[in-house]
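J.: show me the folded form of this:
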Amino acid sequence: MERFTISLDSELAKEFDALIAERGYSNRSEAVRDLLRAQLEQWRQARAAGEATAHCVANLSYVYNHHERELAERLMAIQHDHHDLMVSTLHAHLDHENCIETAILRGPTATVRRFAEQLMAERGVRHGQLNLVSVEIGQRHDHGYKPRGHGRSQHHIHLKPAR
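T.: Numbers count the residues shown, from 1 in each chain. I've put the predicted structure just below:
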């Protein structure tokens, strides 16, 4: 682990300590590491915005009114049209009208963004939020597992969060 020292004026240090206390950090170092990780992730995503090779995992959450005419069917159709990006979804009922849905996604960053924007732009979808994490794609391999009815091992790739 590398150490470095920073100097802060007393007012900034006081505000930072208040943030640390409010968020429950045990020390300044952990808080600084999280702030750096967040800034570096934003920088990576901005830098990779035009790169076709950039990949991510993402969490897309949105609230929608399930009484909106055919909205649930439209959302499901969009998800099926992008099944290659979909890892999992969670659906919960908030009240008699509103639902929250969360989708775990993976794929090329630009494609994931376009999918999220398309889904959140549907009439009746509110409070959409996309959280992206840049990943590096590892090697394809298998663990020797053969699903029933398949003659060969199941292959997969590992996605490693970018540092």
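
J.: tell me what the longest helix seen in the chain is packed against?
T.: Taking DSSP state H as the criterion, the chain has its longest helix at helix 28-48. On a contact count with 3 or more Cβ pairs under 8 Å, 6 or more residues apart in numbering; DSSP states H and E, helix 28-48 meets helix 10-23, strand 125-142. Where you see a C-beta, it was placed from the backbone N, CA and C, and this is true even at glycine.

J.: take those and write them to CSV, including mean neighbour count, mean pLDDT and distance to Arg33.
T.: What follows is these, written out as CSV (neighbours: other Cβ atoms under 10 Å; pLDDT from 0 to 100; distance: least, Cβ to Cβ, whole Å):
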stretch, mean neighbour count, mean pLDDT, distance to Arg33
helix 10-23, 11, 90, 12
strand 125-142, 14, 82, 16
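
J.: tabulate the ones you listed (CSV), appending distance to Gln39.
T.: Formatted as CSV, the helices and strands packed on helix 28-48 follow (distance: least, Cβ to Cβ, whole Å):
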stretch, distance to Gln39
helix 10-23, 15
strand 125-142, 13
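
J.: just the angle between the longest helix of the chain and helix 10-23, please?
T.: 90 degrees (axes from the mean of the first three to the mean of the last three Cα atoms, to 10 degrees).
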